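Undergrad: Next input, structure requested:
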Amino acid sequence: MLKLTDDGAKITLQGQSQTTDNGIFWFGSALLVGAVAVAFAMSVLPERLAIGALALLIIGSFIFNRQRQKNKKAMVGAISSGTLWVRAGEMVHDNQGKREHIHLIDSDKITLIGEQLQIVDSSDTRKYNISGFESIQEATAAKAILQGQALSKRHVNIKMNDN
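TA: Residues are numbered from 1 along each chain as shown. Below is the predicted model of the structure:
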């Protein structure tokens, strides 16, 4: 939902927050089961086999951490839910009480891809990908405000109280 303010707009994003990948969750669960199995194997199996099982668990932990870091890196700059306060050259993203102030510089490029805004730096590296807009008009308005264009209210809804 888009609401114009004196110096920009307040946009409520409707997307789902992207937390983690299901594959990583299941891999972590399998790792936990593996840890229990290794603990059991260390008490039952001969030493060499128990050390081999422990080595497999360590390798699995290493792979899990690498995949988790890749997933975290891919999620940096993805905004899809919460409230977005947009002004010329800056945004404030409020998601469940956690606020992030985002200042754009002159060399940043803002492009509209469907109903998503993508902000890239001068070397075409993605800084932010904003989705969850209700319509293409909201995304277009957000882009215009970020670029410093002034928007005006053309249609005003008036509610009258019946006394």
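
Undergrad: To which secondary structure element is Leu56 assigned?
TA: Assigned by DSSP states H and E, Leu56 falls within helix 47-75.

Undergrad: So which other helices or strands are in contact with that helix?
TA: With contacts defined as 3 or more CB pairs under 8 Å, 6 or more residues apart in numbering; DSSP states H and E, the packing partners of helix 47-75 are helix 22-44. In short, each C-beta sits where N, CA and C put it, glycine included.

Undergrad: Return the set of buried residues in the helix it packs on.
TA: 27-28, 34, 38, 41 (16 or more other CB atoms under 10 Å).

Undergrad: by how many degrees do it and helix 47-75 diverge?
TA: 160 degrees (axes from the mean of the first three to the mean of the last three CA atoms, to 10 degrees).

Undergrad: and helix 22-44, C-alpha only, in PDB?
TA: Extracted C-alpha coordinates of helix 22-44, given in PDB (Å, rounded to 0.1, in the frame of the first residue of the first chain):
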ATOM      1  CA  ASN A  22      14.600 -25.600   3.000                       C
ATOM      2  CA  GLY A  23      17.600 -27.600   1.700                       C
ATOM      3  CA  ILE A  24      19.800 -26.000   4.300                       C
ATOM      4  CA  PHE A  25      17.300 -26.800   7.000                       C
ATOM      5  CA  TRP A  26      17.100 -30.500   6.000                       C
ATOM      6  CA  PHE A  27      20.900 -30.700   5.600                       C
ATOM      7  CA  GLY A  28      21.300 -29.300   9.100                       C
ATOM      8  CA  SER A  29      18.800 -31.800  10.500                       C
ATOM      9  CA  ALA A  30      20.700 -34.600   8.800                       C
ATOM     10  CA  LEU A  31      23.900 -33.300  10.300                       C
ATOM     11  CA  LEU A  32      22.300 -33.400  13.800                       C
ATOM     12  CA  VAL A  33      21.200 -37.000  13.300                       C
ATOM     13  CA  GLY A  34      24.700 -37.800  12.100                       C
ATOM     14  CA  ALA A  35      26.100 -36.300  15.300                       C
ATOM     15  CA  VAL A  36      23.900 -38.600  17.400                       C
ATOM     16  CA  ALA A  37      24.900 -41.500  15.200                       C
ATOM     17  CA  VAL A  38      28.600 -40.700  15.600                       C
ATOM     18  CA  ALA A  39      28.200 -40.500  19.400                       C
ATOM     19  CA  PHE A  40      26.600 -43.900  19.300                       C
ATOM     20  CA  ALA A  41      29.300 -45.300  16.900                       C
ATOM     21  CA  MET A  42      32.100 -44.100  19.200                       C
ATOM     22  CA  SER A  43      30.700 -46.100  22.100                       C
ATOM     23  CA  VAL A  44      30.000 -49.300  20.100                       C
END
